[in-house]
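Novice: below: sequence and its predicted model.
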Amino acid sequence: MSDENSTPDSPPAAEKPAAKKKKGVPTPKITKKTAVVGAAIGIGSAAIVAALLYTNRNNGGGKS
């Protein structure tokens, strides 16, 4: 039988060098203004989708 439960030779964290934090690159911070703009875009997108669904509700493929 093979030993499937053994641990690998290298730790899993060493397999992903791209996951390391880069020096000198600041992480983006979400400010209150950014959150408000994001919420406004989401609400506006939902309103546009709702309006399109409402205007096309009688344009179904049925013969009436």
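Specialist: Perfect, thanks for sending it.
Novice: show me where the protein has helices.
Specialist: For the chain, the helices defined by DSSP state H occupy 32-55.
Novice: any stretches of the protein with poor pLDDT?
Specialist: 1-22, 59-64 (pLDDT under 70).
Novice: again, only this time at 50
Specialist: Across the chain, the ranges flagged by pLDDT under 50 are 64.
Novice: what's the local residue count around Lys23?
Specialist: Counted by other C-beta atoms under 10 Å, the residues lying close to Lys23 total 5. Backbone N, C-alpha and C define where each C-beta goes, glycine included.
Novice: swap in the one 4 residues further on?
Specialist: Using other C-beta under 10 Å, Thr27 has 6 neighbouring residues.
Novice: got the phi/psi numbers for it?
Specialist: Torsion angles at Thr27 (phi, psi; degrees, to the nearest 10) stand at phi -80, psi 140.
Novice: ok, Pro26 next?
Specialist: As for Pro26, its main-chain torsions (degrees, to the nearest 10) stand at phi -70, psi 140.
Novice: number of residues surrounding it?
Specialist: Counted with other C-beta under 10 Å, the neighbours of Pro26 add up to 6.
Novice: now do it against Thr55, distance only.
Specialist: Separation of Pro26 from Thr55 (C-beta to C-beta, to the nearest Å) stands at 45 Å.
Novice: likewise for Ala46?
Specialist: Distance of Ala46 to Thr55, computed by C-beta to C-beta: 15 Å.
Novice: now swap in Gly42 and tell me
Specialist: According to C-beta to C-beta, Gly42 stands 21 Å off from Thr55.
Novice: likewise for Ile30?
Specialist: 35 Å.
Novice: same thing with Ala40?
Specialist: On the measure of C-beta to C-beta, Ala40 and Thr55 end up 23 Å apart.
Novice: go on, Val37?
Specialist: 27 Å.
Novice: could you do Gly24 as well?
Specialist: 51 Å.
Novice: swap in Gly44?
Specialist: In terms of C-beta to C-beta, Gly44 sits 17 Å off from Thr55.
Novice: likewise Ala47?
Specialist: Distance, Ala47 to Thr55, by C-beta to C-beta: 13 Å.
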